[in-house]
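What shape does this take:
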Amino acid sequence: MDVVRHGVLNLFGEQWTVRFRRELGHAPDRVWAALTDAGELEPWFPTGIVGGWSVGAALEFPFADGVFPAMHGTVLQSRAPRVLEYTWGPDTLLYRLEAGGPGTRMDFAVTLEEPGKAARDGAGWHEALDLMETCLDGDERWPLGQRWAELVPMYEAAFGPEASTIGPPEQWRTPQA
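Now for the predicted structure:
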């Protein structure tokens, strides 16, 4: 199945992966900065990132609101400005950048520890990548999470019930009127 702007769920052996492809109108070095510079990550990435980008380096991912404990990870690959891979808590994030056309083709894959959260996380990463692109383009930003609820039904329908068994954490649910 082709990787497209919207996430595509794939099973490789025992591992479930949600894959995205984005065509970004910026050079690979500029996109690399959006993926690795703390100031550029802050508006679009779901957590903070503390640590360096050398292979084997430990990473910490604190949540800004403090509602959840920080997650931890390790840098698995870092080949600027082409490949960045690291664990993000129990999941693995892989970015591949390729120069082409007017900018960069970015392939992003998140390998999930738990397949039941694929729709939830697919919607979240979709919004985060949209926001990253908005930040790169210098367009008006929105708070991360604002568009997630609009995207979840599309991912639930596309990925099916087995990939939709885990919803948002209780702290993120909108109170019912």
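
only C-alpha atoms for contact and neighbour calcs from this point on.
OK.

Run through the helices of this protein in chain order.
In the chain, the segments counted as helices under DSSP state H are 28-36, 38-41, 118-137, 148-159.

what's in contact with the third one?
This points to helix 118-137. 6-7, 9, 18, 20, 24-26, 31, 34, 41, 43-46, 112, 140-142, 144-145, 147-148, 151-152, 155-156, 159, 163-164, 166-168 (C-alpha atoms under 8 Å, 6 or more residues apart in numbering).

Weed out the non-buried ones from those.
6-7, 9, 18, 20, 24-26, 31, 34, 41, 43-46, 112, 144, 147-148, 151-152, 155-156, 159, 163-164, 166-167 (16 or more other C-alpha atoms under 10 Å).

Tell me where this structure has strands.
Taking DSSP state E as the test, the strands found in the chain are 8-12, 15-24, 58-61, 71-79, 83-88, 91-100, 103-112.

As JSON lines, those with distance to residue 134 and mean pLDDT would be great.
Listed next are the strands of the chain as JSON lines, based on distance: least, C-alpha to C-alpha, whole Å; pLDDT from 0 to 100:
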{"stretch": "strand 8-12", "distance to residue 134": "21", "mean pLDDT": "93"}
{"stretch": "strand 15-24", "distance to residue 134": "10", "mean pLDDT": "96"}
{"stretch": "strand 58-61", "distance to residue 134": "22", "mean pLDDT": "97"}
{"stretch": "strand 71-79", "distance to residue 134": "24", "mean pLDDT": "98"}
{"stretch": "strand 83-88", "distance to residue 134": "21", "mean pLDDT": "98"}
{"stretch": "strand 91-100", "distance to residue 134": "18", "mean pLDDT": "96"}
{"stretch": "strand 103-112", "distance to residue 134": "15", "mean pLDDT": "97"}
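
Which pLDDT value goes with residue 175?
pLDDT, residue 175: 46.

and residue 54, what does it touch?
75, 77, 78 are the contacts of residue 54 under C-alpha under 8 Å, 6+ apart.

could you dump those to JSON lines with distance to residue 97 and neighbour count?
Formatted as JSON lines, the contacts of residue 54 follow (distance: C-alpha to C-alpha, whole Å; neighbours: other C-alpha atoms under 10 Å):
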{"residue": "75", "distance to residue 97": "17", "neighbour count": "21"}
{"residue": "77", "distance to residue 97": "13", "neighbour count": "17"}
{"residue": "78", "distance to residue 97": "12", "neighbour count": "17"}
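
Could you tell me which residues make contact with residue 44?
128, 129, 131, 132, 135, 144.
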